[in-house]
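A.B. asks: what's the 3D shape of this:
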Amino acid sequence: MIRNVLIESNELLFEQIFFSNLCGFSNSQRKASACCCVVVSALGNNGRAVMESTLKEIRNGGSVLDLDPKSTVGGGVRDVYGEDRATEDQLVTPWTTSVASGYSLLRDPHHNKGLAFNDKERDAHYLTGLLPPAIFNQDLQERRILHNLRQYEVPLQRYMAMMDLQERNERLFYKLLIDNVEELLPVVYTPTVGEACQKYGSIFRRPQGLYISLKEKGRILEVLKNWPEKTIQVIVVTDGERILGLGDLGCQGMGIPVGKLSLYTALGGLRPSACLPITIDVGTNNEKLLNDEFYIGLKQKRATGKEYADFLHEFMGAVKQNYGEKVLIQFEDFANHNAFELLTKYSTTHLVFNDDIQGTASVVLAGLVAALKLIGGSLNDHRFLFLGAGEAGTGIAELIALEMSKQKGNPVEENRKKIWLVDSKGLIVKSRIDSIQHFKKPWAHDHEPVKKLLDAVKAIKPTVLIGTSGVGRTFTKEVIEEMALLNEKPLILALSNPTSQSECTAEEAYAWTQGRAIFASGSPFNPVEYDGKQLVPGQANNAYIFPGLGLGLIMSGAIRMHDDLLLAASEALAKQVTQENFDKGLIYPPFTNIRKISAHIAANVAAKAYELGLASRLPRPENLVEYAESCMYSPIYRNYR
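C.D. replies: Residues are numbered from 1 along each chain as shown. Next up is the predicted model:
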């Protein structure tokens with residue numbers, strides 16, 4: 001499999017490796033054969049036959065320099081561009097010709113159907129002989145790929161197989177993902193994408209998005225124009241400084257924008273050609289990566305301060321200039337100190353959205369609103385305690401306070417008093433206000449200092465415990481047992497990703513509360529058997545929100561984001577939870593219905609955008625749910641003339 005992937009992604013590299021490792025060759029013979037590898041790549045099958053005879057001569061002691069050039073160059077084809085005479089020191093132009101041939105069609109992921117091409121299409125598009133005679137429809141292809149995926153025991157192998165499929169047959173990739181979303185979502189996104197980012201330099205084969213580094217300062221607009229698709233509707237961009245709970249992964253954070261945009265298409269129905277993943281490479285402070293020979297990014301410390309701000313400002317201006325006012329820019333996995341500043345700075349000039357701050361907040365709020373049917377009361381009747389006061393924790397807290405104000409009509413400041421945050425130094429209280437970051441200050445309440453989470457639980461007596469710390473196993477047995485002592489049905493949300501960083505497992509939450517906990521996590525956990533009953537943990541996954549939210553923004557032609565749009569998304573998601581889900585202890589609907597869920601979220605978001613005067617696509621469609629469904633990309637194969 002590795003051999004085939006390398007041949008398809010970089011034929012010259014494959015041949016260089018192959019010829020330089022031929023059995024029985026001396027060092028001088030290997031060097032001679034390496035000179036031949038460039039020739040083979042341009043020759044095709046006839047040329048390879050010539051090369052075989054050439055290698056026989058080399059094995060018998062001859063030198064490639066002694067051979068007759070006419071017998072070895074292109075099988076008699078004139079070397080117009082000098083490629084066969086090129087060395088690493090002599091530059092050549094990589095000339096290619098784009099023709100409507102079967103061979104190029106099979107290597108175009110947007111149009112390739114593999115064995116699904118019928119006889120008529122094979123004749124019309126010069127595919128006869130390039131494919132085995134069998135014809136598989138798309139459903140059979142899907143079953144075959146799924147069967148193969150299930151043979152892999154290592155999640156990263158499944159991830160790489162899915163990425164290979166996406167790069168060779170786009171429609172089959174999305175059909176497979178849509179039809180098997182609950183099984184494959186953990187493969188293409190969290191938790192597996194975390195490991196993929198950590199090893200991205202080793203598994204990198206083809207660019208799946210744009211890499212914009214400090215070397216391109218002053219010409220970012222020019223770099224954007226290199227992307228082949230010109231009608232872009234959504235960009236997911238990261239600078240790789242805070243990838244999930246894994247820290248600074250620099251340029252290798254590209255796995256996150258690629259994964260997010262796959263979900264935009266599969267779950268929200270945006271066209272793949274309208275999605276652009278971007279990694280901003282300003283360096284990395286990860287010493288392991290800086291010393292890694294396979295690291296694919298700039299090997300320098302991160303740019304900060306004015307240099308960083310100026311570079312991002314050029315990027316934001318170039319995006320708007322190239323793609324217009326209505327392109328959605330989603331910030332992903334920026335460190336706290338940059339995430340809040342970028343969102344604040346550009347929210348008045350661009351259509352921007354931070355999934356870590358706003359998307360997480362919206363999906364958690366939806367779960368809380370749904371959970372009220374299980375724990376009773378309104379949001380204003382509950383007390384919330386967070387472990388973690390970064391962009392996710394403060395973003396969730398603020399949206400909860402906004403929703404309380406909407407329901408009760410009282411000031412946001414009053415509602416914040418029911419929400420408490422614990423950071424690495426303990427409970428955030430007023431006596432610490434001079435030493436904490438600006439985004440934490442609204443949550444500094446009157447209370448004596450408390451260092452430990454367990455003591456905070458005892459002092460605050462929360463009804464809801466939410467973990468956004470990025471630190472695994474911090475909801476200890478004592479903490480969970482105290483929550484169970486305080487509440488008949490403690491609501492416990494362990495949201496940190498990936499799975500290894502979750503504050504506790506589903507099994508622990510159920511066992512330590514005698515099966516009474518209502519539990520949801522950021523990464524998926526399997527159902528748990530407790531006391532003869534099957535308990536199903538929910539997943540507070542941002543994938544519930546951002547695809548539908550993005551679709552709603554795009555189909556309404558929204559030009560700016562607004563907090564009320566996030567509340568509208570939360571409200572729509574909460575309404576999709578059925579009584580059957582509640583009976584299993586679930587506060588989120590199953591992902592099997594995610595496209596229908598996304599359509600309702602998109603409709604609710606679009607309706608609010610029209611109401612607020614933020615929509616530019618007029619007139620407003622009469623039935624927004626039906627319109628959202630009609631806008632969704634379908635991965636079903638097209639028939640070719």
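A.B. asks: SS state for the residue nearest to G557 when sequence neighbours are not counted?
C.D. replies: Once flanking residues are discounted, G557 sits nearest to R617: 3.3 Å by CB to CB, 6 or more residues apart in numbering. Just so you know, the C-beta spots here come from the backbone N, C-alpha and C atoms, and that holds for glycine as well. Under the three-state scheme (DSSP: H, G, I helix; E, B strand; the rest coil), R617 adopts coil.
A.B. asks: List the contacts of R617.
C.D. replies: R617 makes contact with 555-557, according to CB atoms under 8 Å, 6 or more residues apart in numbering.
A.B. asks: Do a quick rundown of the strands in the chain.
C.D. replies: Along the chain, counting by DSSP state E, strands occupy 210-213, 234-238, 275-281, 328-331, 351-354, 384-387, 419-423, 426-427, 464-467, 491-494, 518-521, 528-530, 533-535, 538-539.
A.B. asks: Reformat those strands as a markdown table; add mean pLDDT, mean neighbour count and distance to Q407.
C.D. replies: Compiled in a markdown table, the strands of the chain are given as follows (pLDDT from 0 to 100; neighbours: other CB atoms under 10 Å; distance: least, CB to CB, whole Å):
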| stretch | mean pLDDT | mean neighbour count | distance to Q407 |
| --- | --- | --- | --- |
| strand 210-213 | 98 | 20 | 43 |
| strand 234-238 | 98 | 27 | 31 |
| strand 275-281 | 98 | 24 | 35 |
| strand 328-331 | 98 | 24 | 28 |
| strand 351-354 | 97 | 24 | 24 |
| strand 384-387 | 98 | 25 | 15 |
| strand 419-423 | 98 | 24 | 15 |
| strand 426-427 | 98 | 20 | 26 |
| strand 464-467 | 98 | 28 | 16 |
| strand 491-494 | 97 | 28 | 18 |
| strand 518-521 | 96 | 26 | 21 |
| strand 528-530 | 92 | 16 | 33 |
| strand 533-535 | 90 | 14 | 30 |
| strand 538-539 | 92 | 25 | 22 |
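A.B. asks: Can you add distance to M160 and give the ones you listed back as JSON lines?
C.D. replies: Conversion of the strands of the chain to JSON lines gives the following (distance: least, CB to CB, whole Å):
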{"stretch": "strand 210-213", "distance to M160": "20"}
{"stretch": "strand 234-238", "distance to M160": "20"}
{"stretch": "strand 275-281", "distance to M160": "17"}
{"stretch": "strand 328-331", "distance to M160": "25"}
{"stretch": "strand 351-354", "distance to M160": "29"}
{"stretch": "strand 384-387", "distance to M160": "34"}
{"stretch": "strand 419-423", "distance to M160": "37"}
{"stretch": "strand 426-427", "distance to M160": "43"}
{"stretch": "strand 464-467", "distance to M160": "31"}
{"stretch": "strand 491-494", "distance to M160": "28"}
{"stretch": "strand 518-521", "distance to M160": "25"}
{"stretch": "strand 528-530", "distance to M160": "30"}
{"stretch": "strand 533-535", "distance to M160": "33"}
{"stretch": "strand 538-539", "distance to M160": "24"}
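A.B. asks: Out of these, which is closest to F117?
C.D. replies: F117 lies closest to strand 275-281 among those, at 26.2 Å (CB to CB).
A.B. asks: Given that closest one, what are its sheet partners and their directions?
C.D. replies: Applying DSSP bridges, strand 275-281 is found paired with strand 210-213 (parallel), strand 234-238 (parallel).
A.B. asks: Alpha carbons of the first one, as PDB, please.
C.D. replies: This points to strand 210-213. Provided in PDB are the C-alpha atoms of strand 210-213 (Å, rounded to 0.1, in the frame of the first residue of the first chain):
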ATOM      1  CA  LEU A 210      -2.500  26.600   1.500                       C
ATOM      2  CA  TYR A 211       0.600  27.100   3.700                       C
ATOM      3  CA  ILE A 212       1.300  30.800   4.200                       C
ATOM      4  CA  SER A 213       4.600  31.400   6.000                       C
END
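A.B. asks: just to revisit the earlier point, can you say which of the strands paired with strand 275-281 is nearest to K430?
C.D. replies: The nearest among those, by CB to CB, is strand 234-238 at 35.0 Å.
A.B. asks: ok, P257 - how many residues close by?
C.D. replies: P257 has 25 neighbouring residues, counting by other CB atoms under 10 Å.
A.B. asks: shouldn't it be in contact with T238?
C.D. replies: Yes: shown here, P257 and T238 form a contact pair, counting by CB atoms under 8 Å, at 5.7 Å.
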